[in-house]
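J.: below are the sequence and a predicted model for it; my questions follow.
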Amino acid sequence: MAEMLQADWGKVGLDVKIVSYEWGEYIKRTKNGEHDVMLLGWTGDNGDPDNWMGTLYSCGAIGSNNVSMWCDPEYDALVQQAKRITDPAARTALYQQAQQ
């Protein structure tokens, strides 16, 4: 995968250096934000949008699962509101709004 990204990004003028580490070191560096781009896998195991949107992208997940270290309080508020609602249509609308 890294080689494919390197080749594709090279076509648009980006110089990409692939660096590999032993797993423990890789995770440590990733959680410390020592990367511009990194690759990890994730399996959505329950079908709920919060499994991705809250777990991987919330401000509170920085330092654990939010390795992008992206934080937006408006996004967080929408996701927090959505996870507390039981009406599927209302939850869907909030998650869709959070993705804008």
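T.: In hand now; what should we look at?

J.: the domain parsing of the chain - what is it?
T.: Domain segmentation of the chain under automatic domain parsing yields 1-40, 42-100.

J.: buried deepest among the ones you listed, which one?
T.: A comparison of the domains of the chain by mean neighbour count, using mean count of other CB atoms under 10 Å, puts domain 42-100 on top with a mean of 14. No exception for glycine: its C-beta is placed from N, CA and C like everyone else's.

J.: any idea where the strands of the protein begin and end?
T.: With DSSP state E as the definition, the chain shows no strands.

J.: okay, and the helix or strand of it with the least pLDDT?
T.: helix 50-57 (a mean of 88; mean pLDDT, DSSP states H and E).

J.: gap between that one and the chain center?
T.: The chain centroid and the centroid of helix 50-57 are separated by 8 Å, computed with CA atoms, centre = their mean, to the nearest Å.

J.: which other helices and strands does that helix contact?
T.: Where contact means 3 or more CB pairs under 8 Å, 6 or more residues apart in numbering; DSSP states H and E, helix 50-57 is packed against helix 73-83.

J.: identify the residues contacting residue 78.
T.: Applying CB atoms under 8 Å, 6 or more residues apart in numbering, we find residue 78 in contact with 94-95, 97-98.

J.: thinking again about what came up before, now the angle between helix 73-83 and the least confident helix or strand of the chain, please.
T.: 150 degrees (axes from the mean of the first three to the mean of the last three CA atoms, to 10 degrees).

J.: contacts for helix 50-57, please.
T.: With CB under 8 Å, 6+ apart, helix 50-57 has contacts from 42, 44-45, 61, 65-66, 68, 70, 75, 79-80, 82-83, 95, 98-99.

J.: ok, 7 Å please
T.: With CB atoms under 7 Å, 6 or more residues apart in numbering as the contact definition, helix 50-57 has outside contacts at 42, 44-45, 61, 65-66, 70, 79, 83, 95, 98.

J.: what is the most widely separated pair among those?
T.: Pairwise distances across the contacts of helix 50-57 peak at 22.6 Å for 45 and 70 (criterion: CB to CB).

J.: that older thread, now render the contacts of residue 78 as JSON lines, adding distance to residue 49 and pLDDT.
T.: Output for those, formatted as JSON lines (distance: CB to CB, whole Å; pLDDT from 0 to 100):
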{"residue": "94", "distance to residue 49": "9", "pLDDT": "97"}
{"residue": "95", "distance to residue 49": "5", "pLDDT": "96"}
{"residue": "97", "distance to residue 49": "12", "pLDDT": "97"}
{"residue": "98", "distance to residue 49": "9", "pLDDT": "97"}
